[in-house]
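> Give me a 3D structure for the following:
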Amino acid sequence: MPLSPASTAEEVVAYLQSIASEQTREGMKRFGIRVDRALGISHGVQRDIAKRIRRNDERAFALWRTGIAEAQFIASLTVHPKHFTIENARDWARDFDSWDIVDSVSDLFASTDGWKTLVEEFAADEREFIRRTAFAMICCAAVHRKAEPDATFEAYLPLIEQHARDDRNFVKKAVNWALRNIGKRSIALHAAALEVARKLSALDDATARWIGKDAVRELTHPKTLGRLATKAERAAESGGLRP
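Predicted coordinates for the structure are as follows:
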């Protein structure tokens, strides 16, 4: 039976199980993805399924409860962000056990009305994947929340400095990612983020120094500077608020 907006959670799961791939699961392992809850299905296929079945809150929550990684990713794509509460996010975050599900679902979290509260709360959480969620959310928001003032993201730079010494792999990479994405959002934020990156790169702490040096490398790359210049020109032509 082909999938459609009328498909139930059970039908979606049955379809996922029918296209599971052990080869894909093995490939996921090479990227450090936990596969004990995964069937082995690419994100492209999952996104196609989400487009076919469309948004449905009840089904999305049922898919999440299955514990199957692919079903949970599809759940994040098919729940209505405006209906997704802070409590829902806290509940889903308790299941996070791999960087890929964190990064996939962070886009949803960053689209909700309570995203700023969640960033602060998750950053303060000592659990590795919960803290990663905070910085992955900043990354997603910096790209997708176009109407958000730059001041919102500049205010997260001290949070980045605060956690730049967390040497856990999935935290430090997310902190670095957040710093780079803030710096690539606008010319003004580029200067502020680059200043933080240079400060971190001069510290004695190895983790902070790696985060800073890697961010400096990308933020001073000619391609990055070229994209920022183009973005500034377009904003000026359209009367945009960000320089």
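> Hmm, residue 109 is touching residue 90, no?
No. Using C-beta atoms under 8 Å, residue 109 is not in contact with residue 90; the gap is 10.1 Å. Any C-beta I mention is one placed from the backbone N, CA and C, and that applies to glycine too.
> Run through the residues that contact residue 100.
Residues near residue 100 by C-beta atoms under 8 Å, 6 or more residues apart in numbering: 28, 31, 33, 69.
> Give me the phi and psi for the last one.
In this entry, residue 69 is assigned phi and psi values of phi -60, psi -50 (degrees, to the nearest 10).
> which residues touch it?
Listed by C-beta under 8 Å, 6+ apart, the contact partners of residue 69 are 35, 37, 38, 39, 98, 100, 101.
> If we use 7 Å, what do you get?
Applying C-beta atoms under 7 Å, 6 or more residues apart in numbering to residue 69 gives the contacts 37, 38, 101.
> try the first one
Residues touching residue 28, when contacts are defined by C-beta under 7 Å, 6+ apart, comprise 35, 38, 40.
> quick one: low-confidence ranges for the protein?
1, 239-243 (pLDDT under 70).
> Strands of that one, residue ranges please.
Using DSSP state E, the chain contains no strands.
> returning to that earlier point: got a winner among the contacts of residue 28 for most neighbours?
residue 38 (21 neighbours; other C-beta atoms under 10 Å).
> want to throw the contacts of residue 69 into CSV with distance to residue 205?
Listed next are the contacts of residue 69 as CSV, based on distance: C-beta to C-beta, whole Å:
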residue, distance to residue 205
37, 34
38, 34
101, 29
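> Endpoints of stretch 179-194, how far apart?
9 Å (C-alpha to C-alpha, to the nearest Å).
> Flag every buried residue along it.
By neighbour count on 16 or more other C-beta atoms under 10 Å, the buried set for stretch 179-194 is 179-186, 189-190, 192-194.
> Per the annotation, how does the chain divide into domains?
The chain breaks down into these domains under automatic domain parsing: 1-79, 93-243.
> Highest mean neighbour count out of those domains?
domain 93-243 (a mean of 18; mean count of other C-beta atoms under 10 Å).
> which one of the contacts of residue 69 is nearest residue 115?
residue 101 (17.7 Å; C-beta to C-beta).
> residues touching the closest one, list them.
Counting by C-beta under 7 Å, 6+ apart, residue 101 touches 69, 72, 73.
> do the same with residue 20
Each residue near residue 20 by C-beta under 7 Å, 6+ apart is listed here: 39, 40, 41.
> Name the member of those with the shortest distance to residue 209.
Nearest member of these to residue 209, counting by C-beta to C-beta, is residue 40, at 37.4 Å.
> tell me the contacts of the closest one?
Each residue near residue 40 by C-beta under 7 Å, 6+ apart is listed here: 20, 21, 22, 24, 25, 28.
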